[in-house]
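Colleague: Sequence first, then the predicted structure, then my questions.
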Amino acid sequence: MEFDLIHRHFKTPFGPLARANADTVLLGIGDDCAALQISPGQNLFTSTDTLVEGVHFFSDDAPRTTGWKALACNLSDLAASGATPLGFTLNLSLPEVDETWLAGFSAGLLEVATRFNCPLVGGDTTSAGLNTLKTVSITVFGQAAASHRGFNRGHAKADEGIWVSGTPGLARLGLLLEYQKRGRLAECCRGAELQKVQALLAVLPEHLVRQAVSRLEMPVPRIELGLMLHGLASACLDLSDGLSGDLAHVLKASEVAAVLSQTSLESIWRHLWPEIDQHADVAGLLKTLIAQTLKGGDDFELCWTAHPRHRDAIQSLGAGLHCVGIIEQGSGLWLRTPGEERKRISGTSYNHFAESKN
């Protein structure tokens with residue numbers, strides 16, 4: 001039964017993509033090991049992530065979006081390293097065989113795999129035993145020129161700009177909306193924060209609601225951007241656990257401090273939601289948005305540091321790239337307000353062992 005399942009939902013639908021990459025995929029699904037041919041003069045990059053039902057995706061999420069997200073969040077790690085995808089393996093632990101769920105999951109997985117030319121080359125499917133929750137583990141493989149060794153988190157330097165792609169915090173809005181839809185908003189924000197979040201969600205325009213939920217469910221890894229940042233970015237990572245928490249990893253590794261600009265972060269939201277300035281409490285809404293931007297995860301946008309001399313080159317790469325702060329000597333993460341006051345940012349990032357479960 002296991003092999004029929006693998007053949008039906010994975011080997012057959014993913015076969016054409018593997019065959020289209022026959023020069024890279026020497027052995028794939030059905031053999032004891034996958035064999036990948038790395039191009040001459042290339043370094044191998046690999047990353048792995050696990051998604052657990054009830055933690056990383058809701059039990060009633062559409063299986064197609066779960067499949068998409070499972071691979072997309074792994075591909076985002078390759079993007080943050082400046083690597084091109086080669087292939088991936090998939091491990092599934094299931095409480096039961098649900099053909100409808102598997103068909104949808106496989107379709108979403110194939111959709112993102114095809115878009116980024118990343119063939120499925122192997123894996124394992126097993127029973128979860130007494131565990132009633134699905135677990136999805138994916139390992140991706142990529143390559144980059146031997147001259148490129150990735151964007152080391154320890155390479156940020158004082159006076160470099162802090163850049164982000166897209167709209168960090170947008171997926172956090174999507175998560176809050178999904179909790180609200182299920183009547184569970186109080187599980188992820190409490191007290192005064194809950195009231196502020198409720199006030200924000202109540203006035204979100206429909207176009208922003210759609211974008212936020214889409215970003216949460218189907219993030220788009222920034223593979224092309226990661227490649228274009230070769231020679232421009234010093235340190236880089238993807239935003240999976242929130243801007244403040246992820247940037248803190250860079251600061252610790254590089255032994256530097258960072259100052260984020262509240263005005264710059266607000267301008268990103270104003271561009272996406274120009275109608276916000278029509279609200280009487282625009283300042284309060286923006287404050288809540290910035291708080292969620294710092295805290296929220298699952299954006300899978302890129303955040304990187306770069307020397308000031310690269311500013312024009314980065315801006316020429318395309319729209320949606322924003323310089324939101326600066327690296328300084330010292331320690332800690334700070335927010336510079338429009339009045340030039342500095343406020344220390346701490347304890348606002350996503351924590352896998354502290355946040356509410358889905």
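Modeller: Arrived safely, thanks for sending.

Colleague: Make sure Trp65 is indeed in a helix.
Modeller: Small correction: residue 65 is Thr, not Trp. Yes: according to DSSP: H, G, I helix; E, B strand; the rest coil, Thr65 belongs to a helix.

Colleague: What residues does the nearest residue to it once chain neighbours are set aside make contact with?
Modeller: When the adjacent residues along the chain are set aside, Thr65 lies closest to Glu217, with 4.0 Å between them (Cβ to Cβ, 6 or more residues apart in numbering). Bear in mind the C-beta positions are built from the backbone N, C-alpha and C, glycine included. Glu217 makes contacts with 61-62, 65, 68-69, 174, as judged by Cβ atoms under 8 Å, 6 or more residues apart in numbering.

Colleague: what pLDDT does Glu217 get?
Modeller: Residue-level confidence at Glu217 comes out at 95, pLDDT.

Colleague: Quick check: phi and psi on it?
Modeller: The main-chain torsion angles of Glu217 are listed as degrees, to the nearest 10 and equal phi -80, psi -30.

Colleague: Hmm, Pro85 and Asn117 touching each other?
Modeller: Yes: with contact defined as Cβ atoms under 8 Å, Asn117 reaches Pro85; the gap is 6.4 Å.

Colleague: Would you mind telling me which of those two has more residues around it?
Modeller: Looking at Asn117 and Pro85 with other Cβ atoms under 10 Å, you find the greater number of neighbours at Pro85, namely 24 against 15.

Colleague: State the distance from that one to Leu201.
Modeller: 36 Å (Cβ to Cβ, to the nearest Å).

Colleague: Then Gln278?
Modeller: As defined by Cβ to Cβ, Gln278 lies at a distance of 17 Å from Leu201.

Colleague: between these two, which one's more packed in?
Modeller: Comparing Gln278 with Leu201 by other Cβ under 10 Å, the one with more neighbours is Leu201, at 17 against 8.

Colleague: what about that one, which helix or strand?
Modeller: With secondary structure defined by DSSP states H and E, Leu201 is part of helix 191-203.

Colleague: quick one: contacts of that helix?
Modeller: Helix 191-203 is contacted from outside by 173, 176-177, 180, 185-186, 189, 279, 281, 284-285, 287-289, 291-292, using Cβ under 8 Å, 6+ apart.

Colleague: Now, of those, which are buried?
Modeller: Burial of the contacts of helix 191-203 was assessed by neighbour count (16 or more other Cβ atoms under 10 Å); the buried members are 173, 176-177, 180, 185, 189, 285, 288-289, 291-292.

Colleague: For stretch 143-155, give the mean pLDDT please.
Modeller: Taken as a whole, stretch 143-155 has a mean pLDDT of 96.

Colleague: Give the phi and psi angles for Asn163, as a check.
Modeller: Slight slip there: residue 163 is Trp, not Asn. Phi and psi for Trp163, reported as degrees, to the nearest 10, are phi -120, psi 150.
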